[in-house]
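Visitor: Next come a sequence and a model predicted from it.
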Amino acid sequence: MTSSNVGTSKLDFPFIQSNGLSDIVEKVTEGERLTFEEGVRLMTSPDLLLLGRLADALRQRKVGEEVCFSMNININPTNACVLRCKFCAFYRPLDHPEAYTERLEDILGRIRHAHSHGVREAHIVGGLNPKIPFSYFLELIQRIKAFDPDIHVKAFTAVEIDFFARVYKISVEKVLQDLRAAGLDSLPGGGAEVFSPRVRELVCKGKISGKRWLEVIEVAHRLGISSTATMLYGHVETIEERIDHLSQLRDLQDKTGKFTCFVPLPFHPENTPLAHLGYTCGFDDLKVYAVSRLFLDNFTHLKGLWNYLDEKFAQVILHFGVDDLGGTFVEERIAHAAGAKTPQSLSRERIIEIIRKAKRLPIETDSSYKVRRRWEQTA
Amino acid sequence: MGTNGVAHVLQKAYDGKRIEQSEALSLYEANLLELGMVADHCRRRFHPEDVVTFIIDRNINYTNVCITYCKFCTFYRPPGEAEGSWFYTNDEIFQKIEELVKIGGTQVLLQGGHHPKITLEYYTTLLREIKKRFPVHLHSFSAPEIEHLSRVSHKPIRDVLIALREAGLNSVPGGGAEILVDRVKKAISPLKTTSEKWLEIHETVHSLGMRSTATMMFGTVETEEERILHFEKIRKLQDKTGGFTAFIPWSFCPGKTELEGKIEPAGGEDYLRTLAISRIYLDNISNIPTGWVTEGYKVGQVGLSFGANDFGGILMEEKVISATGTAYTMAIEQALSLIRRAGKIPAQRNTMYEILRTFV
């Protein structure tokens, strides 16, 4: 996508009262990289609008006024999972009566239906289910691509890729090569959670380590497969652990440059063993978006998934560094199993309206940010 | 007005100078966060400390029988329609107030439909009986109800207000203002109090030594100019009387009303922008609550950075907005947490915005 307002001119913030953050304001203005300690100071600052204004200026400098969204269908082929992540309300143990694995024909049927509504992207993420053969996943991708090669297939988190390698006893590299040969276009960034071993021990014991997540993604990137990156925040992690997470992503991005975007995911507590933690608040969410934009200086796009947020709030995040609102034709069961209070899908018209009313330019893209369609500012 | 014009207006407001209608209008083009910063600066002029207040109150919507048929309302039932209509007995009302007092609540907001058969005596008796039993502040009856009482009792507004005050009414809530421009009122609530009448009633309230609040319901059919005109009318009356304690902007929730599907709800950006402009424009009103009831917890909390200094009522009961399916409710613990996580200090206040208890 093009950038309508790329410039290196010095930024001017007339009404900022920098409240002890003037050195950081200066560095952002000069386009300098922030240190871990500066990231922590930003994330602990109560000065929400200062963070937002800086992040908004960086966003404008990097990607201009366009806001991306995509039309995608989310496929969760199985909810059976060997893990017991405490933040997850979606999974069922393998022998649970509610455990399911979808028939490929059923999935294809839903994809054909979505396709008839203009959807050209499939996100495929599921539980770690050792009963499913690798051929199921390969065939799934092959059949989607056979139906329409124009569909972007974004499938399997690093956690699933690692699981495939272990269960099918082949290397991560081979798993990725086979999936790519079947038609895989990119990897979603899920399963990153928060990299800190302390946090993982508490909330997702048994899941691959942060180090392993980064290794798998690095292999994918080296094979030319791009991915997104996520952070599931708002449970037991500290501010330092959040910044450490961002820092590790920034390091890998320096090496590979194949992260397409960063997607912060606010934790949804309902129906999970962590329900007592409650929801993230508006300040917390906006600070995470803004600091991510400021800290991840080598990421182009910052995505706020509107289906994790309410509609009014989804518009507000556009002023805090976000330039991507994610997918709109959604059949997504994971966040909604955990009580996300949003409709399952938002019409294309509605999302365009939200973006326009924020005085920005709606643009429909796929996961590689290939432009599908632009809309003029006024209808 | 170009970008320079907007910057000039922001600077003017930042410097504490009064802005005019055309200037306020230009703020709809301002950078949202810069607008927020200036509004926050204006808020500090009234509230230099980072304290955010709230009140523990109870809305008692004593009846939903109403003859005013507003298009934005899904709460009312016409007279004679037995199904789904109610009228609380005095004992039911006392019971509700007792529950409020038990949890440390201080304010009762009696507000209901315009029932064609209730008399002024019904209300004065009710208020006296409440005051005999409970040490609560009666912040009750919005302007349209007072006008309705004046009609059914064939008494002037002033006499109705005096009778209510003598019976125990302490202050008047600002409902029924919607947008104080008759073009808008005709379109959405043709039978309801005109803008002139609303202002006259509040002026009378103030002249009798009572305080009131002013509201604005935006996001129906009004233009941005008409919103600013609404601010202007409120500011002008406040210059004259000084009787408004607070200004309460909130956005229309179309769910289940006649306007559902015809009007999209205002966006989060529109809310924050309108909140900030109201803080800047209304340089003579001390308090602006944030609207989490209609805007949700997240946008509501963020409003504390856009000029709001108050979290409004931690409502125990409210049936008008909740009938649209939109209303959020909140426990005291949750309010404390949201205020604290915004970097502010929560404090319980009374209706006059005096702090009763600070939660350090």
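Guide: It's in.

Visitor: residues in contact with residue 352?
Guide: Just going to use chain A. A:Pro362, A:Trp375 (Cβ atoms under 8 Å, 6 or more residues apart in numbering or on different chains). Backbone N, C-alpha and C define where each C-beta goes, glycine included.

Visitor: should've been chain B
Guide: B:Ser171, B:Arg211, B:Thr245.

Visitor: residues in contact with residue 115?
Guide: Picking chain A for this. By Cβ under 8 Å, 6+ apart, the residues touching A:His115 are A:Phe147, A:Asp148, A:Ile151.

Visitor: Actually, chain B is the one I wanted.
Guide: B:Thr63, B:Val65, B:Cys66, B:Ile67, B:Pro79, B:Phe87.

Visitor: Top of the residues you listed by number of neighbours, please.
Guide: Highest neighbour count within the contacts of B:His115, by other Cβ atoms under 10 Å in any protein chain shown: B:Cys66, with 23 neighbours.

Visitor: quick one: contacts for that one?
Guide: B:Cys66 touches B:Cys73, B:Phe75, B:Tyr76, B:Arg77, B:Pro78, B:Gly112, B:Gly113, B:His114, B:His115, counting by Cβ under 8 Å, 6+ apart.

Visitor: For B:Gly113, see how far away the third one is.
Guide: As judged by Cβ to Cβ, to the nearest Å, B:Tyr76 and B:Gly113 stand 5 Å apart.

Visitor: Please apply the same query to A:Ile16.
Guide: In terms of Cβ to Cβ, A:Ile16 sits 49 Å off from B:Gly113.

Visitor: now A:Arg373: how far from chain B?
Guide: A:Arg373 sits 22 Å away from chain B, going by Cβ to the nearest Cβ, to the nearest Å.

Visitor: Including secondary structure, could the contacts of B:Met352 go into CSV?
Guide: Formatted as CSV, the contacts of B:Met352 follow (DSSP: H, G, I helix; E, B strand; the rest coil):
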residue, secondary structure
B:Ser171, strand
B:Arg211, strand
B:Thr245, strand
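
Visitor: my guess is A:Leu50 is in a helix, correct?
Guide: Yes - A:Leu50: assigned to a helix according to three-state DSSP.

Visitor: For it, which non-adjacent residue is closest in space?
Guide: Leaving aside its sequence neighbours, A:Leu50 sits nearest to A:Ile16 (Cβ to Cβ, 6 or more residues apart in numbering or on different chains; 5.4 Å).

Visitor: isn't the one you found right up against A:Leu51?
Guide: No - A:Ile16 lies out of contact with A:Leu51 (Cβ atoms under 8 Å); the separation is 10.3 Å.

Visitor: Name the nearest residue to residue 212, ignoring sequence neighbours.
Guide: Since no chain was named, I'll use chain A. A:Asp162 (6.1 Å).

Visitor: actually chain B
Guide: With Cβ to Cβ, 6+ apart, the residue lying closest to B:Ser212 is B:Val172, at 4.1 Å.

Visitor: what's the burial count for the one you found?
Guide: The burial count for B:Val172: 28, using other Cβ under 10 Å.

Visitor: Tell me who's in contact with it.
Guide: Counting by Cβ under 8 Å, 6+ apart, B:Val172 touches B:139-143, B:146, B:201-202, B:205, B:210-213.

Visitor: Please list only the buried members of the contacts of A:His115.
Guide: Listed as buried from the contacts of A:His115 are A:Ile151; burial here means 16 or more other Cβ atoms under 10 Å in any protein chain shown.

Visitor: Please narrow the contacts of B:His115 to those residing in strands.
Guide: The strands, defined by DSSP state E, take in nothing from those.

Visitor: Give me the buried stretch members for stretch B:63-83, please.
Guide: B:63-66, B:68, B:70-77.

Visitor: For those, name the two members farthest from one another.
Guide: Maximum pairwise distance among the buried residues of stretch B:63-83 (Cβ to Cβ): 20.0 Å, between B:Thr63 and B:Lys71.

Visitor: Report all helices and strands that the helix or strand of chain B with the lowest mean pLDDT contacts.
Guide: Least confident helix or strand of chain B, by mean pLDDT, DSSP states H and E, is strand B:310-315 with a mean of 88. Packing contacts for strand B:310-315, counted by 3 or more Cβ pairs under 8 Å, 6 or more residues apart in numbering or on different chains; DSSP states H and E, involve strand B:51-60, helix B:292-302, helix B:332-341.

Visitor: what angle sits between the helix or strand just after the first one and strand B:51-60?
Guide: By that I understand strand B:51-60. Note on strand B:51-60: by DSSP states H and E, the next helix or strand toward the C-terminus is helix B:90-102. Put simply, helix B:90-102 runs at 160 degrees to strand B:51-60, going by axes from the mean of the first three to the mean of the last three Cα atoms, to 10 degrees.

Visitor: Give me the residues contacting helix B:90-102.
Guide: Residues contacting helix B:90-102 (Cβ under 8 Å, 6+ apart): B:56-58, B:60, B:62, B:88, B:108, B:110, B:126, B:129-130, B:133-136, B:316-317.

Visitor: For A:Arg250, give me its contacts.
Guide: Contacts of A:Arg250 (Cβ under 8 Å, 6+ apart): A:Phe295, A:Leu296, A:Asp297, A:Asn298, A:Phe299.

Visitor: for A:Lys174, same thing?
Guide: Contact analysis of A:Lys174 by Cβ under 8 Å, 6+ apart lists A:Ala165.

Visitor: pull the CA atoms of the one helix or strand it maps to into CSV?
Guide: According to DSSP H and E, A:Lys174 maps onto helix A:172-182. Output in CSV follows, covering the C-alpha atoms of helix A:172-182 (Å, rounded to 0.1, in the frame of the first residue of the first chain):
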residue,chain,number,x,y,z
VAL,A,172,9.8,-27.7,11.5
GLU,A,173,11.3,-26.7,8.2
LYS,A,174,9.8,-29.7,6.4
VAL,A,175,6.4,-29.0,8.0
LEU,A,176,6.5,-25.5,6.7
GLN,A,177,7.8,-26.5,3.2
ASP,A,178,5.0,-29.1,2.8
LEU,A,179,2.3,-26.6,3.9
ARG,A,180,3.7,-24.0,1.6
ALA,A,181,3.7,-26.5,-1.3
ALA,A,182,0.1,-27.1,-0.5
